[in-house]
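Novice: fold the following.
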Amino acid sequence: MFIRKIFSLFILCFFICIIPRQFLLGSPKQSQTNSPKVLLFSAIDTDYLADTLSDWGENIGINGFMLAYVADWWTPKKQIFKDIEVLTKINKEGAAYGIDSNFIKVAIGYRELPNWTDDKAWAVVLNNFRNIADLIKQSGTKGIALDTEPYKASLFDTKAERFKSMNRDILKAKIYQRGKEIMQSLTGVFPDIEVIILPEGAFYWFNPGEGTMPYAYELWIDFFNGMASVKNNKGIVVAGECTYSNTRVDSITWLYNTINKTMKQHVEDPVFWKERCSVALGMWPLGKSYSDKSARYSPVKFKEQFLQTTALSPKYVWIYACGAPWWQMKKAEVKKYTANGRWIWEKKNQALPMDPAIKEYYAVVKQNKIRLNGK
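Specialist: Alright, predicted model coming up:
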């Protein structure tokens, strides 16, 4: 009897030791039932994309793109509509390959945004957002991805030089107002426009140990709350960047839960957040720099990351493409798409070789397409 008890205790200890840490911590298992759409955040040339739709949809499994450099908040109306034909083609023909969720990415920080209190300058900005919404509606594009990272100048930091002379409460109210006005401008033209906002500014400000510059997002939540006050039909998706390099199941789960918890605690309308909004986790497996398309982590790690982000994110997940690591133009294609002085982003890097294991990364993404199609 004593020997049997000792043996049972040994078996119990053995299984405790080999059970994965995430299950002991209560993290959810990777699920195969949830299949959100997969978006690629990239500066891919729209003409090149239009010519390669079947490859992206059938062979890779991308469901949509966050397209950069199509339109910006300062772009005049004539220039905004210059790509309407190719965008329409991408949306109409792409749908047959499962590419039905395209967004135009607008970064409010690529240039110094007018001061939040400058009503005259903001009248122009808001009119440009109306034109962008019109382009999205007419071309059959799904929506807008609003990038709020302060690339060129501070946006939400009350201690920044450009805001030092301003009363904090006034600045806070104006940021809220502009968020509301941007959403009103978009939905006034296209009521069913989908809106993605990135990065997860509130997460960084209210969890200062999780980012390198939390102060940059001090009043970000006021901008979000202004947008959310419109209670748009499709809600708002917060695209998280904090999972870019996280491949551990428990870490990804904690980050997802913390973003959600932070938003629930600080949004003005928790019911709107719960019923219409969501978090979309981001990944960055390929592209160490614009000129280096090699992997940042292995296909095995990417698969672990991908399975968990898709298990948690209800509507979308997204992949950041630093440069052109997910595709490689032939030299003849570079020549074709730059003919007659036509501009494409980072021309010199388009034809650089991809990571040798690129097909393994494609295979990970394609599994989600198979689940979406129920095959």
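
Novice: could you list the low-pLDDT ranges of this structure?
Specialist: 1-34, 374-375 (pLDDT under 70).

Novice: show me what contacts the spatially most central residue of it?
Specialist: Geometric centre of the chain, nearest residue: Ala239, 4.3 Å, by CA atoms, centre = their mean. By CB atoms under 8 Å, 6 or more residues apart in numbering, Ala239 lies in contact with 145, 196-200, 279-280, 282, 316, 318. C-betas here are computed from N, CA, C, even on glycine.

Novice: name the member of these with the most neighbours.
Specialist: When neighbours are counted by other CB atoms under 10 Å, Glu200 leads these with 31 neighbours.

Novice: out of the contacts of Ala239, which comes closest to Gly226?
Specialist: Checking the contacts of Ala239 against Gly226 with CB to CB, the nearest one is Ile197 at 11.4 Å.

Novice: the nearest residue to the closest one once chain neighbours are set aside pairs with what?
Specialist: The shortest distance from Ile197 to any non-neighbouring residue, by CB to CB, 6 or more residues apart in numbering, is to Leu146 (4.9 Å). Beta-bridge pairing of Leu146 under DSSP bridges involves Val106, Ile197.

Novice: all further residue positions should be reported with the first residue as 31.
Specialist: Sounds good: first residue 31 from here, last item Leu176.

Novice: surely Leu176 touches Gly139?
Specialist: No: using CB atoms under 8 Å, Leu176 is not in contact with Gly139, being 10.4 Å away.

Novice: who has more neighbours out of the two?
Specialist: Between Leu176 and Gly139, counted using other CB under 10 Å, the more crowded position is Leu176 (25 against 17).

Novice: list the contacts of the more buried one.
Specialist: Leu176 neighbours (CB under 8 Å, 6+ apart): 135-136, 138, 212, 225-228.

Novice: save those as a markdown table, and put in distance to Gly218 too.
Specialist: Shown next, in a markdown table, are these (distance: CB to CB, whole Å):
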| residue | distance to Gly218 |
| --- | --- |
| Lys135 | 21 |
| Val136 | 16 |
| Ile138 | 19 |
| Ile212 | 11 |
| Val225 | 13 |
| Ile226 | 19 |
| Ile227 | 18 |
| Leu228 | 23 |
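
Novice: Glu191: how many residues sit nearby?
Specialist: 9.

Novice: which one is it nearest to, not counting chain neighbours?
Specialist: Leaving aside its sequence neighbours, Glu191 sits nearest to Ser184 (CB to CB, 6+ apart; 7.6 Å).

Novice: just the C-alphas of stretch 318-336, formatted as PDB.
Specialist: What follows is stretch 318-336, C-alpha atoms only, in PDB (Å, rounded to 0.1, in the frame of the first residue of the first chain):
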ATOM      1  CA  LYS A 318      14.200  43.000 -40.200                       C
ATOM      2  CA  SER A 319      14.500  46.300 -42.100                       C
ATOM      3  CA  TYR A 320      13.300  47.800 -45.500                       C
ATOM      4  CA  SER A 321      16.400  46.300 -47.100                       C
ATOM      5  CA  ASP A 322      16.500  43.000 -45.200                       C
ATOM      6  CA  LYS A 323      13.600  40.700 -45.900                       C
ATOM      7  CA  SER A 324      14.800  37.900 -43.700                       C
ATOM      8  CA  ALA A 325      12.800  36.300 -40.900                       C
ATOM      9  CA  ARG A 326      12.500  37.900 -37.400                       C
ATOM     10  CA  TYR A 327      11.500  34.500 -36.000                       C
ATOM     11  CA  SER A 328      11.000  31.000 -37.300                       C
ATOM     12  CA  PRO A 329       8.000  29.600 -39.200                       C
ATOM     13  CA  VAL A 330       7.300  27.300 -36.100                       C
ATOM     14  CA  LYS A 331       7.200  30.400 -33.800                       C
ATOM     15  CA  PHE A 332       5.000  32.200 -36.400                       C
ATOM     16  CA  LYS A 333       2.600  29.300 -36.400                       C
ATOM     17  CA  GLU A 334       2.300  29.400 -32.600                       C
ATOM     18  CA  GLN A 335       1.800  33.200 -32.700                       C
ATOM     19  CA  PHE A 336      -0.700  33.000 -35.600                       C
END
